[in-house]
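Asks: show me how the following folds:
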Amino acid sequence: MTGTTVVFIHGTGVREPRFTALAGKVRASLDAERSGLRFVPFYWGDTHGATLGADGASLPPSTGHARTLASGDGDDITAWGVLYDDPDAELALAAAAAPPKAERPPGAVRPEQTVRLRLGELAAQGDAAAELGPGLAEAATALASHPLLAPAAAAMSPEDLAVLLARALTARVVAAALDADQPLISDGDARDAVAARLAEALGAPPAGSGRTLRGRLLRIATGAAARAALRRRRALTEAAHPAAGDILRYLSRGETLRAELRSLINELPAPVVLIGHSLGGIIALDTLVGTPLPQVGLLVTAGSQGPFLYESGSLPSLAHPQPLPPHVPDWLNLYDPRDLLAYLGAGLFPGRVTDVSVDSRQPFPAAHSAYWTNPAVYRHIVDHLP
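Replies: The predicted structure is shown next:
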């Protein structure tokens, strides 16, 4: 008897060698949940992905933007988002609270000296936070010589400074992964575990002693930030995603890509499951709507804009309010509530789509890439496999 075949379709902006790493992670995680699956990666980035033919002549110069930081209560997930934008933001706030310099007795140890030595030890160990991505050694070296380290150390207890620096190190590593458009971003639990481990290495008490990684200095005006993010949802969806070119190219010239996916599916024995991330989910949905493929027993989408495109009249294969054709198989739609590029399908196709919320504990845009490091995603998929 032939086992289930899983076809994995990647999303926007993914190119080699990152696709091989992404597919390897998905395959290993599925195998850990259910043995005997046949895994078939469907890579379309090189042949059907968008490219800048004039070497980016159409792109305006980039400009920076400021984030509002405030003291008081806040959301630690939003706080991580600010630290990804500026990993030194909390260090700067601590330094600003430093007392005036005072004379020190001869031979007195400077407050930052011990933690500077510990940062050097972390740098010597190499990338001890490899699960978040490379760069920890470089980040530790940079913080050890940071000009704000001394005033921050003068303003805080050694334990609080250790926790702050652990967050700064963690944020630098994740920010580097985001800047490199890595398709695998660790979920919030893995991130917090690394930050806790680094805090202890820098002199903080164990996490079980009542310490929390929600720093007392860094707080975000979360209500304003959340409202601003929601106001920007349409812009983020239609234009601001860094790989918007892939979406635009697919929407204008996607038939060849769908034909290749149909040919692949027709060569596979039933049952077949299509798993698509982001634009990969749109490709899978369009392919299934356009042509009956009876060997496909399940469609899985994660972080998909398919429902939004359908409702807005932009889905190539189906115009609202046309119903989902009967030949489209069961559809499992996974979404992270913080992923502003994820949409729901059950309200548009009653009885045909199962929407399931998964929480990576990451802010946007990290939430859009954290599905494949979230164990809950694989459990939900395996629970629905034919």
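Asks: in the chain, which spans are strands?
Replies: Assigned by DSSP state E, the chain shows strands spanning 5-9, 38-42, 69-70, 219-220, 272-277, 296-302, 330-335, 353-357.
Asks: which of those strands comes out lowest on mean pLDDT?
Replies: Mean pLDDT is lowest for strand 69-70 out of the strands of the chain, coming in at a mean of 38.
Asks: so where's the protein uncertain?
Replies: Where the chain drops to pLDDT under 70, the residues are 1-2, 52-75, 101-109, 128-130, 208-244.
Asks: buried stuff in the lengthiest helix in it?
Replies: For the chain, the longest helix by residue count, based on DSSP state H, is helix 158-179. Neighbour counts using 16 or more other C-beta atoms under 10 Å place 160-178 of helix 158-179 among the buried residues. Any C-beta I mention is one placed from the backbone N, CA and C, and that applies to glycine too.
Asks: tell me which other helices or strands that helix touches.
Replies: When contacts are defined as 3 or more C-beta pairs under 8 Å, 6 or more residues apart in numbering; DSSP states H and E, helix 158-179 packs onto helix 76-85, helix 89-96, helix 113-125, helix 136-144, helix 149-155, helix 188-201.
Asks: same thing but 10 Å
Replies: Helices and strands touching helix 158-179, by 3 or more C-beta pairs under 10 Å, 6 or more residues apart in numbering; DSSP states H and E, are helix 76-85, helix 89-96, helix 113-125, helix 136-144, helix 149-155, helix 188-201, helix 366-369.
Asks: a markdown table for these, including distance to Glu33 and mean neighbour count?
Replies: Output for the helices and strands packed on helix 158-179, formatted as a markdown table (distance: least, C-beta to C-beta, whole Å; neighbours: other C-beta atoms under 10 Å):
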| stretch | distance to Glu33 | mean neighbour count |
| --- | --- | --- |
| helix 76-85 | 26 | 22 |
| helix 89-96 | 37 | 20 |
| helix 113-125 | 32 | 16 |
| helix 136-144 | 30 | 20 |
| helix 149-155 | 44 | 21 |
| helix 188-201 | 17 | 20 |
| helix 366-369 | 20 | 26 |
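Asks: which one of the ones you listed lies closest to Thr5?
Replies: Counting by C-beta to C-beta, Thr5 lies closest to helix 366-369 out of the helices and strands packed on helix 158-179; the figure is 25.2 Å.
Asks: how far off centre is that closest one?
Replies: Relative to its chain's centre, helix 366-369 lies at 2 Å (C-alpha atoms, centre = their mean, to the nearest Å).
Asks: can you offset everything so residue one is 34?
Replies: In the new count, where the first residue is 34, that last one comes out as helix 399-402.
Asks: just the CA trace of it, in CSV.
Replies: Presented in CSV, the C-alpha positions along helix 399-402 are these (Å, rounded to 0.1, in the frame of the first residue of the first chain):
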residue,chain,number,x,y,z
ALA,A,399,9.0,37.4,12.0
ALA,A,400,5.6,35.7,12.6
HIS,A,401,5.2,35.1,8.8
SER,A,402,8.4,33.0,8.7
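Asks: mind listing what's buried in stretch 68-83?
Replies: Using 16+ other C-beta under 10 Å as the test for burial, stretch 68-83 gives Leu70, Phe72, Val73, Pro74, Phe75, Tyr76, Trp77, Gly78, His81, Gly82, Ala83.
Asks: ok, now which ones touch the last one?
Replies: Ala83 is in contact with Thr45, Gly46, Ala276, Ala277, Gly278, Asp279, Ile280, Leu281, Arg282, Tyr283, Arg286, counting by C-beta atoms under 10 Å, 6 or more residues apart in numbering.
Asks: tell me the contacts of the residue lying closest to Asp369 once chain neighbours are set aside?
Replies: With C-beta to C-beta, 6 or more residues apart in numbering as the criterion, Asp369 has its nearest non-adjacent residue at 4.6 Å, and that residue is Ala400. For Ala400, the contacting residues are 110, 114, 218, 220-221, 336, 368-375, 391-394, 407, by C-beta under 10 Å, 6+ apart.
Asks: cool, Val361 as well?
Replies: By C-beta under 10 Å, 6+ apart, Val361 lies in contact with 318, 321-323, 325-326, 329, 332, 350-351, 382, 385-386.
Asks: who wins for most neighbours among those residues?
Replies: Leu318 (28 neighbours; other C-beta atoms under 10 Å).
Asks: touching, that one and Leu365? I think so.
Replies: No: look at Leu318 against Leu365 with C-beta atoms under 10 Å: they stay out of range, at 12.0 Å.
Asks: quick one, what contacts Glu233?
Replies: By C-beta under 10 Å, 6+ apart, the residues touching Glu233 are Ala195, Val196, Ala199, Pro239, Ala240, Arg244.
Asks: related to what we said a few turns ago, inside helices: which ones of the contacts of Val361?
Replies: Counting by DSSP H, these contribute Leu318, Leu321, Val322, Gly323 to helices.
Asks: Val386 pairs with what?
Replies: Trp364 (DSSP bridges).
Asks: could you measure from it over to Tyr343?
Replies: Separation of Val386 from Tyr343 (C-beta to C-beta, to the nearest Å) stands at 11 Å.
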